[in-house]
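[1] Build the 3D model from these lines:
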Amino acid sequence: MRIVRFCSAVLLSGFAFAAQATMVHRPVEWTQSGTRFHSVLVYDDASSAKRPGLVMVPNWYGVNDAAVKKAEMIAGKDYVILLTDMYGADVRPQQGNAEQAQAAVKPLYANRDLMRQRINEALAQLKAQAKSAPIDTAKLAAIGFCFGGAAVLDLARSGADIAAVASFHGDLSTDDPSQAKHIKARVLAMNGADDRGTMPDADKFMDEMRQSPADWQFVVLGHAVHCFTEVGENSPGCKYDAKAAARSYGLMRAWLREAFLGRD
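    Prediction:
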């Protein structure tokens, strides 16, 4: 009976500890050039140990419940993630409404300087969170999906002093290929072989990277189309692919791990 009571006590204490460890969703707001932005800091508070910080730019639907869930999955116990609002707090495309999403991204694709200003401000905001979140400011990187891939590649092109960027089925285009000479981060781009939206720019992207000082890698995932990490997408040109998603996440983690080596 004592053994049973002891085991029960241990189990209950374990459950209590698990209950205390939660995934934090902390609002992070700032104003830039008169526009207010509402982003979310996501991390597991089970440990106070410092860990790498990632700026994460979601697909063109922006910061929503699906993006938060994805940030949780990626963050785990390994990263602190700033899920980044690139549009402004008043612009929130409805999930699945491509017309609204296209309207949201259009001003940023039309003005890449504005995109670079906003993504650099997000990086500054991530650094500022180190005062109250377990972020190792020596280990910073950025990841992005679809439109978000374009944003983090532009962060690298701007010369941001970060360890790495990783783009998933991201837009590879640029308004100024010569900016590649400023890249300091290690650049990983992963696109589906059958992605008709992004792959037409693949050769231009590789030529751009060849002219840069960057340590870069361009990975083409066979049979994958656009949106291969986006759970729930299932149209001919935009489809979730569990195998491609798992492979790309593994590549990202290895890329970041290598990039962070020696930055302690």
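
[2] need the helices for the stretch 151-264 of the chain, in chain order.
    Secondary structure of the stretch 151-264 of the chain, counting by DSSP state H, counting those that start in this stretch: helices at 202-210, 242-260.

[3] Kindly reformat those helices as a markdown table containing mean neighbour count, mean pLDDT and distance to Ala151.
    The way it works is simple: take the backbone N, C-alpha and C, and place the C-beta from them, glycine included. As requested, these are arranged in a markdown table below (neighbours: other Cβ atoms under 10 Å; pLDDT from 0 to 100; distance: least, Cβ to Cβ, whole Å):
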| stretch | mean neighbour count | mean pLDDT | distance to Ala151 |
| --- | --- | --- | --- |
| helix 202-210 | 16 | 98 | 15 |
| helix 242-260 | 17 | 98 | 16 |
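
[4] export the ones you listed to CSV and tack on distance to Val219?
    CSV is the format used below for the helices of the stretch 151-264 of the chain (distance: least, Cβ to Cβ, whole Å):
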stretch, distance to Val219
helix 202-210, 11
helix 242-260, 6
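
[5] of all these, which lies closest to Ala89?
    Across the helices of the stretch 151-264 of the chain, Ala89 has its closest neighbour in helix 242-260 (28.2 Å, Cβ to Cβ).

[6] Contacts for that closest one, please.
    By Cβ atoms under 8 Å, 6 or more residues apart in numbering, the surrounding residues in contact with helix 242-260 are 52, 54, 74, 78, 139, 141, 143, 163-164, 166, 168, 185-186, 188, 190, 192, 217, 219, 221, 223-224, 228-229.

[7] Figure out which of the helices of the stretch 151-264 of the chain is closest to Gln125.
    Relative to Gln125, the nearest member of the helices of the stretch 151-264 of the chain by Cβ to Cβ is helix 242-260, separated by 19.8 Å.

[8] Which stretch among the helices of the stretch 151-264 of the chain approaches Ala66 most closely?
    With Cβ to Cβ as the measure, helix 242-260 is the member of the helices of the stretch 151-264 of the chain nearest Ala66 (13.8 Å).
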